[in-house]
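Student: Fold the following, please.
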Amino acid sequence: MAARRTTLTQFLVEQQRSARAIKPELRLLIEVVARACKAIAVNVGKGALAGVLGSNDTENVQGEVQKKLDVISNEILMEANEWGGHLAGMASEEMETFHEIPNRYPKGEYLLLFDPLDGSSNIDVNVSIGTIFSVLKSSDELGPVTEKSFLLPGTQQVAAGYAVYGPTTLLVLTVGTGVHCFTLDREMGSWVLTQSNMMIPAETKEFAINMSNMRHWDAPVKRYIDELLQGEEGPRGKNFNMRWVASMVADVHRIMTRGGVFMYPSDKRATHRAGHLRLMYEANPMSLIVEQAGGAASTGKERILDVKPGKLHERVSVFLGSKSEVDRIAAYHSTGEQ
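Tutor: Okay, the predicted model is just below:
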């Protein structure tokens, strides 16, 4: 007799009923997001057959040229979640301001933030991309939602996850009780639990960073990378491999699976901002997932989840992965090298 498979719905019901980790409204919200990710996966999978490759003649709020699938994925997530009655508002990396739930729909107590299609520069070359999402509990239950409603530190997240659209479609999720991985059964159309309580291996010989920016890095980052590149002859006493997909979801999922450290530091080109990755849409949800899996996440100067955002599209420097490596990077920053 085949072993009983646990679907995402069954898993969430258990989290609600036995662990009492989530409320029914949060369970339903996560299921809606997961269904939207399935719809995005279908569009990604069709590619040129559906005419969804290539760029639009538009830019997002970050000044980046939007891919067609960026826009499609954003619309899928917005339309799927707007009417369900679980949300007070939404915010997307692709939109300049937040989206309050219209009066014609019931409102809930949660706020949903997302990067609808992370790594979209890889769309046209058929490399793994993904969706990242974060759920906050609104403190404005009775009043209207404002931008300030979203400006909560990452420690206030009640759920976070990402989907990977690769050789298989995966959903990696945390509701604060560990990290769990679900694989999309395309024939049945359901998410099936395939890995429970994921833990990042403590020891690593891999790192992920865009080496082309080396000349712009600050001294602590240069020092850390130089030590890795020296291999067995250097202070670390072992050889390291570099991996860089240029899709945060793909790079982080590799680290979740086999350890390592992901780095996207600030550099000397952008003195007007603290980093490149978006705190609310990328750094916070990924940091919660990584910490729940036994890893660490830092800006180099402080724990990412402790950062108090000042604006919706705030950016930060990101170092996350195996705890010992992230702690080492933070220690190098604390010495005051510039």
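Student: And the pLDDT at Glu59?
Tutor: Looking at Glu59, its pLDDT is 53.
Student: Going forward, the N-terminal residue is numbered 57.
Tutor: Sure, I'll start counting at 57 from here, so that last one is Glu115.
Student: So what pairs up with His155 in the strands?
Tutor: Met146 (DSSP bridges).
Student: residues contacting it?
Tutor: Listed by C-beta atoms under 8 Å, 6 or more residues apart in numbering, the contact set of His155 reads Met134, Glu138, Gly145, Met146, Ala147, Ser148. (Glycine included, C-beta is placed from N, CA and C.)
Student: How much space separates the last one from Met319?
Tutor: Shown here: Ser148 relative to Met319, a distance of 25 Å by C-beta to C-beta, to the nearest Å.
Student: picking that back up, most neighbours among the contacts of His155, which one?
Tutor: When neighbours are taken as other C-beta atoms under 10 Å, the top entry among the contacts of His155 is Ser148 (26 neighbours).
Student: Would you quantify the distance from that residue to Gly199?
Tutor: 22 Å.
Student: Tell me the spatial nearest neighbour of Val277, not counting adjacent residues.
Tutor: With C-beta to C-beta, 6 or more residues apart in numbering as the criterion, Val277 has its nearest non-adjacent residue at 4.8 Å, and that residue is Pro321.
Student: Break down the stretch 157-306 of the chain into its strands, ranges please.
Tutor: 166-174, 185-193, 213-221, 225-230, 235-241, 246-251, 262-264, 297-298 (DSSP state E, counting those that start in this stretch).
Student: So which other helices or strands are in contact with the longest helix anywhere in the chain?
Tutor: Ranked by residue count under DSSP state H, the longest helix found in the chain is helix 80-102. Here helix 80-102 touches helix 64-73, helix 124-138, strand 166-174, strand 185-193, strand 213-221, strand 225-230, strand 235-241, going by 3 or more C-beta pairs under 8 Å, 6 or more residues apart in numbering; DSSP states H and E.
Student: so can I have TSV of the ones you listed showing distance to Leu335 and mean pLDDT?
Tutor: Shown next, in TSV, are the helices and strands packed on helix 80-102 (distance: least, C-beta to C-beta, whole Å; pLDDT from 0 to 100):
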stretch	distance to Leu335	mean pLDDT
helix 64-73	27	95
helix 124-138	19	91
strand 166-174	10	95
strand 185-193	10	97
strand 213-221	12	97
strand 225-230	18	98
strand 235-241	20	98
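Student: could those go into TSV alongside distance to Lys357?
Tutor: Listed next are those as TSV, based on distance: least, C-beta to C-beta, whole Å:
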stretch	distance to Lys357
helix 64-73	34
helix 124-138	31
strand 166-174	23
strand 185-193	22
strand 213-221	21
strand 225-230	25
strand 235-241	25
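Student: Looking at the ones you listed, which is nearest to Arg83?
Tutor: Smallest distance to Arg83 across the helices and strands packed on helix 80-102 (C-beta to C-beta): 4.4 Å, for helix 64-73.
Student: Send over that closest one as PDB, restricted to the C-alpha atoms.
Tutor: Provided in PDB are the C-alpha atoms of helix 64-73 (Å, rounded to 0.1, in the frame of the first residue of the first chain):
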ATOM      1  CA  LEU A  64      -0.700  21.600   1.500                       C
ATOM      2  CA  THR A  65      -4.300  21.900   2.600                       C
ATOM      3  CA  GLN A  66      -4.000  18.900   5.000                       C
ATOM      4  CA  PHE A  67      -0.700  20.300   6.400                       C
ATOM      5  CA  LEU A  68      -2.300  23.800   7.000                       C
ATOM      6  CA  VAL A  69      -5.300  22.200   8.700                       C
ATOM      7  CA  GLU A  70      -3.000  20.300  11.000                       C
ATOM      8  CA  GLN A  71      -1.000  23.500  11.800                       C
ATOM      9  CA  GLN A  72      -4.300  25.200  12.700                       C
ATOM     10  CA  ARG A  73      -5.800  22.300  14.600                       C
END
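Student: quick one: it to strand 213-221, angle?
Tutor: Orientation check (axes from the mean of the first three to the mean of the last three C-alpha atoms, to 10 degrees): helix 64-73 against strand 213-221 gives 170 degrees.
Student: and Val374, which of the strands of the stretch 157-306 of the chain is closest to it?
Tutor: Closest among the strands of the stretch 157-306 of the chain, using C-beta to C-beta: strand 262-264, at 10.8 Å.
Student: check contacts around Gly316.
Tutor: Per C-beta under 8 Å, 6+ apart, neighbours of Gly316: Thr260, Lys261, Glu262, Phe263, Ala264, Arg299, Arg310, Gly377, Ser378, Glu381.
Student: How many residues are close by the closest residue in space to it that isn't next to it in sequence?
Tutor: Nearest non-adjacent residue to Gly316, counting by C-beta to C-beta, 6+ apart: Glu262, 3.7 Å away. Neighbours of Glu262 under the rule other C-beta under 10 Å: 20.
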